[in-house]
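Enquirer: Turn this into a structure:
(one chain, ligands or ions: 1)
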Amino acid sequence: MIVCTNKSEIQDLITKEKAKGTTFGFVPTMGALHNGHMSLVKRALQENDFCVVSIFVNPTQFDNEEDLKKYPRTLERDVELLKTVSNKIIVYAPSVDDIYEGNTKSEHFSFDGLEFEMEGKFRQGHFDGVGTIVKRLFEIVTPDIAYFGEKDFQQLAIIKKLAQKYNIPVTVKGCEIFREENGLAYSSRNERLKPDYKKAAPFIFETLTTAKEKFGTKSAKEVTEWVEKQFAKNKFLELEYFIIADISTLKTVKRKSKSKTYRAFVAAYADDIRLIDNLALN
Ligand code: PAF
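Expert: I've put the predicted structure just below:
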């Protein structure tokens, strides 16, 4: 296993290997690796010769200093975990300076309106930060295929748009949400859930699952109202939004159409921890 902490080191390595025809899958992460990340890494290893895993807590995508400060940083443990999977993994764990070269600011992007929906409404500047880091990482790593979890479905849509708009020669693949046995979607934030909140959190997936059933016969508005009522009764979870959206525009559905594909999206607070999840409805 190779761990690189600066971009020239990893670029040299990848350039040499690519000249021999080696293919690279890429799993960008902010570390605190969990089974969800590991499923992406395993898929990347099945489909490519090597998997690059970047571990970088990107400051420009946080709109809240406290959240950035508290974000778990567990590089040693992450590297040990990756070692148990394969020696065909290259870890890129840069410093803020290696990425931002003294100017820790986001570029500004247009993602054709995708950035204004859901997370974009609640997390100021978040997708400019994500666009900035992912574009830079794609330029440094030059992967053949990059893998992202569908838990961050809006992020995945935005990254596909980024690759398309900037003609970045990478295939962006979305991978199914990896869940704990109780349905809770794996997230690095789950580690920080206090016991009562950890117990309450699977309610998010349970509610999504029932919302999906109801969506078969009820309107999006009726389902949304039902979900909001369920959350209002739950003393451990505070709903930030529940939205049923068309997956191509991410806009809230007004009237259902048989020809469109919909997904339900949730963001909720468990104490001070913000959890998101989503589920395909049709
Ligand atoms: O999903 C994440 O962990 C981050 O948003 C990403 C894609 C690694 C960019 O920092």
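
Enquirer: So which bits of this protein are right by the ligand?
Expert: Selection of the chain residues close to the ligand by Cβ under 6 Å from any ligand atom yields 28-30, 58, 61, 130, 133-134, 152, 155. Yep, even glycine has a C-beta here, placed from its N, CA and C like the rest.

Enquirer: and if we set it to 5 Å?
Expert: Within the chain, the residues that sit near the ligand (Cβ under 5 Å from any ligand atom) are 28, 30, 58, 133.

Enquirer: just checking, Leu137 touches Pro28?
Expert: Yes: using Cβ atoms under 8 Å, Leu137 is in contact with Pro28, at 5.4 Å.

Enquirer: Residues in contact with both of the two, list them for me.
Expert: 54, 56 (Cβ atoms under 8 Å, 6 or more residues apart in numbering).

Enquirer: So which of the residues of the chain next to the ligand sit within helices?
Expert: Of the residues of the chain next to the ligand, the ones assigned to helices by DSSP state H are Ile133.

Enquirer: With pLDDT and distance to His126 as extra columns, can I get the residues of the chain next to the ligand in CSV?
Expert: Formatted as CSV, the residues of the chain next to the ligand follow (pLDDT from 0 to 100; distance: Cβ to Cβ, whole Å):
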residue, pLDDT, distance to His126
Pro28, 98, 15
Met30, 98, 13
Asn58, 98, 10
Ile133, 98, 11
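
Enquirer: Where in the chain is the helix or strand with the lowest mean pLDDT?
Expert: Here the helix or strand of the chain ranked lowest by mean pLDDT, DSSP states H and E is helix 65-70, holding a mean of 91.

Enquirer: Report the secondary structure element holding Gly129.
Expert: If you go by DSSP states H and E, Gly129 is part of helix 126-141.
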